[in-house]
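Engineer: Sequence first, predicted model second:
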Amino acid sequence: MESDPKNYKKKDLTSRRGQGGGPSSKVNAHQWEQWREVLQAQPIQHWTRQQLAAVLRDLTGVGYSNSHFCGLLRHQQGLYYYKPRPRDYRRKDGAEEQLRARIQATFDALQVMGHDLLRVKWGFADEVAAQLHTNNRRFWALEPHLSRVVNTDRSTQSFFGFYGINATSALVDLTDGTLESIQQALLAVKQQQQACDALVIFWDNARSHTALETWGWEGQIYFVPLPTYSPDLNPIEKVWKSVKRWVNAHHYIRNLAELGRLFRAGFDGFKDQLTFTSSWWALYADQLSWYRPIFDSTTL
């Protein structure tokens, strides 16, 4: 027999408070503080909404709707919602200190060699492979679940990039990943610098990079290897990410020639923005006290 809505008692509503779908019980400040202490005692630093809600429910017996709970997390409790920057499990502790020592040793050695540091150009370098299509961007649309026409050809275009700090940034086409190609790219970067007695390159420990150390000395090109498994210490990675997102905002890319044109245009738009290095400077400004960049907050 179906129940009569008129006989639906008020206690039936209150017994469901905080269970979703109705009014929510209020969690007091002391309970929120207990909830935060439980989180701080855990060995992890990132949680899903479901995990956070489960902890609160276990402590208080209160649950919220998804949207309301997310609002409480962000606006009342001051939590942040973002995609965490990955850190390789093989990275050793003290990577930042290791790089700090390498920076100090490199520029001290350049001074001993007689170089005027104001005529030493430096920046960050890396190779990158651009694709005709990467599904790494969200778009707004007037209707849901619409498809997007793209070129799924897996061909790639490789580049060597130099993100200069007190130097001219450059993007050079790479025909392959051989030592000779990288050497030619480095020489092209060096030739574009003005009033440059020496060029200092920060880059990773790829085998093709470490093999060029002696060759570089002959051309006044000096390398500072980043600690292993530490891509976050190379700001050019942020440049690549921004360029790729900008390129992917363009719809159908017909071929590699068009891809190359777009990638160069994107790099030209981002190469002079020093905001990509702001967190890097927070770590290493003391080792480079003779140079102070002016950060520009503009974006492409």
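Structural biologist: Received the coordinates, thanks.
Engineer: For the rest of this, base every contact and every neighbour count on C-alpha atoms.
Structural biologist: Will do.
Engineer: quick one, longest strand in this protein?
Structural biologist: Criterion DSSP state E: the longest strand present in the chain is strand 120-131.
Engineer: Helix or strand: which one has the closest residue in space to Phe223 that isn't next to it in sequence?
Structural biologist: Take Phe223 and drop its neighbours on the chain: the residue closest to it by C-alpha to C-alpha, 6 or more residues apart in numbering is Ile201, 4.8 Å away. For Ile201, the element it lies in under DSSP states H and E is strand 198-203.
Engineer: What's the first helix or strand after that strand?
Structural biologist: With secondary structure assigned by DSSP H and E, strand 198-203 is succeeded by helix 207-210.
Engineer: buried sites along that following helix?
Structural biologist: By 16 or more other C-alpha atoms under 10 Å, the buried positions in helix 207-210 come out as His209.
Engineer: can you check stretch 164-184 too?
Structural biologist: Neighbour-count burial for stretch 164-184 [16+ other C-alpha under 10 Å]: 164-174, 182-183.
Engineer: Can you tell me the element the residue most central in space within the chain falls in?
Structural biologist: Nearest residue to the geometric centre of the chain (C-alpha atoms, centre = their mean): Lys238, 5.0 Å. Using DSSP H and E, Lys238 sits in helix 236-248.
Engineer: same thing with Arg264?
Structural biologist: helix 256-270.
Engineer: could you give the mean pLDDT of the helix or strand just after that helix?
Structural biologist: The helix or strand immediately downstream of helix 256-270 is helix 278-284, counting by DSSP H and E. In this model, helix 278-284 has an average pLDDT of 91.
Engineer: and helix 278-284, how far out from the chain's middle?
Structural biologist: Taking C-alpha atoms, centre = their mean, to the nearest Å, one finds the center of helix 278-284 at 14 Å from the center of the full chain.
Engineer: elements contacting it?
Structural biologist: Helix 278-284 is packed against no helix or strand, with contacts defined by 3 or more C-alpha pairs under 8 Å, 6 or more residues apart in numbering; DSSP states H and E.
Engineer: Could you export it as PDB, CA atoms only?
Structural biologist: Extracted in PDB, the C-alpha atoms of helix 278-284 (Å, rounded to 0.1, in the frame of the first residue of the first chain):
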ATOM      1  CA  SER A 278      59.000  32.900 -11.600                       C
ATOM      2  CA  SER A 279      59.000  29.800  -9.400                       C
ATOM      3  CA  TRP A 280      62.500  28.900 -10.600                       C
ATOM      4  CA  TRP A 281      63.800  32.300  -9.600                       C
ATOM      5  CA  ALA A 282      62.300  31.900  -6.200                       C
ATOM      6  CA  LEU A 283      64.700  29.000  -5.700                       C
ATOM      7  CA  TYR A 284      67.900  30.200  -7.400                       C
END
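Engineer: I'd assumed Phe160 was in a strand, is it?
Structural biologist: Yes - using DSSP: H, G, I helix; E, B strand; the rest coil, the assignment for Phe160 is a strand.
Engineer: ok, now which ones touch it?
Structural biologist: By C-alpha atoms under 8 Å, 6 or more residues apart in numbering, Phe160 lies in contact with 125-128, 171-174, 182, 185.
Engineer: what do you get for His209?
Structural biologist: Here His209 is in contact with Trp203 (criterion: C-alpha under 8 Å, 6+ apart).
Engineer: Out of the buried residues of stretch 164-184, which comes closest to Val150?
Structural biologist: Asp173 (23.7 Å; C-alpha to C-alpha).
Engineer: Could you tell me the angle between the helix or strand where that closest one lies and helix 256-270?
Structural biologist: Asp173 belongs to strand 170-174 when elements are defined using DSSP H and E. Angle of strand 170-174 versus helix 256-270, following axes from the mean of the first three to the mean of the last three C-alpha atoms, to 10 degrees, is 160 degrees.
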